[in-house]
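> Pasting the sequence and the predicted model now:
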Amino acid sequence: MYDLFVLGELMAEDKHGYVLQERLQYAVGPNRKISAGTLYPLLTRFEENGWITQSEQNEGGRARKSYRLTELGRERFHTLIVSPIENHTDAELTFQFRLAYLHFVPKEARIACLRQYIQYLRNNLRYVNSLSEMIASKKIDDKQLYQVMRMLDHRKHMILADIEWVEKEADRIETAKEGME
């Protein structure tokens, strides 16, 4: 997941490690901490795989490393952005990263990515619906049952809202004139 973010950031321009760490922290939000111990091993692996190169520049008497995407890194980025979304706890954040960098891939890939996420959401909706039916048939204290059903109802509404938004976005891209999407 962080691979996609870092490669996506480098698709636009070269960046220092500090800038990448800061932007990644903004992207994941306040409930996760992105440390140098998370980012720099990732950058080292990227270099070992030939996805990025680094250069050192002196800025104000201080050496700073800047990272640049290679052609192999661009290929890796394209592979990551169109690969299937796996059912894991970070699927939504992975989609958010993809959404931020969709403009770097062709129209067909953008639409495919969005349609794939819609399918992921529909699978989650089916699961929540089946869970609601199963729980409703169990003998549970009425107050607890009420609260659990409210929680599942909330999840359903969130998923339905996501599906609606992503479908509109896919339709918008599909119907937009080339270069305007």
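Alright, I've got the coordinates. Numbers count the residues shown, from 1 in each chain.
> Show me the domain layout of the protein.
1-85, 106-181 (automatic domain parsing).
> can I get the ones you listed in a markdown table with distance to residue 95 and mean pLDDT?
Backbone N, C-alpha and C define where each C-beta goes, glycine included. Formatted as a markdown table, these follow (distance: least, C-beta to C-beta, whole Å; pLDDT from 0 to 100):
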| stretch | distance to residue 95 | mean pLDDT |
| --- | --- | --- |
| domain 1-85 | 7 | 91 |
| domain 106-181 | 5 | 90 |
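> Now mean neighbour count too, for those, in a markdown table please.
Output for those, formatted as a markdown table (neighbours: other C-beta atoms under 10 Å):
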| stretch | mean neighbour count |
| --- | --- |
| domain 1-85 | 15 |
| domain 106-181 | 14 |
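> Strands along this structure, start to end?
Along the chain, counting by DSSP state E, strands occupy 15-16, 52-59, 62-69.
> quick one on the thing from earlier: nearest to residue 94 among the domains of the chain would be which one?
Residue 94 sits nearest to domain 1-85 of all the domains of the chain, at 4.8 Å, using C-beta to C-beta.
> And the closest one, how far out from the chain middle?
15 Å (C-alpha atoms, centre = their mean, to the nearest Å).
> ends of that domain, how far apart?
One end of domain 1-85 sits 10 Å from the other (C-alpha to C-alpha, to the nearest Å).
> before we move on, back to that, so which of the domains of the chain comes closest to residue 97?
domain 1-85 (4.8 Å).
> What is the longest helix seen in the chain packed up against?
In the chain, taking DSSP state H as the definition, the longest helix is helix 142-175. In this structure, helix 142-175 packs against helix 107-136, with contacts taken as 3 or more C-beta pairs under 8 Å, 6 or more residues apart in numbering; DSSP states H and E.
> With distance to residue 93 as added columns, please give the domains of the chain in TSV.
Below are these laid out as TSV (distance: least, C-beta to C-beta, whole Å):
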stretch	distance to residue 93
domain 1-85	6
domain 106-181	12
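> Select, out of those domains, the one closest to residue 92.
That would be domain 106-181 among these, by C-beta to C-beta, at 8.3 Å.
> Taking helix 107-136 as reference, get the angle to the longest helix of the chain.
170 degrees (axes from the mean of the first three to the mean of the last three C-alpha atoms, to 10 degrees).
> Now find how far off-centre helix 142-175 is within its chain.
Centroid displacement of helix 142-175 relative to its chain, using C-alpha atoms, centre = their mean, is 18 Å.
> quick one, which of the strands of the chain is nearest to residue 96?
Across the strands of the chain, closest to residue 96 is strand 15-16 (C-beta to C-beta), at 19.1 Å.
> hmm, who's touching the closest one?
Applying C-beta atoms under 8 Å, 6 or more residues apart in numbering, the contact partners of strand 15-16 are 9, 23, 64, 65, 66, 67.
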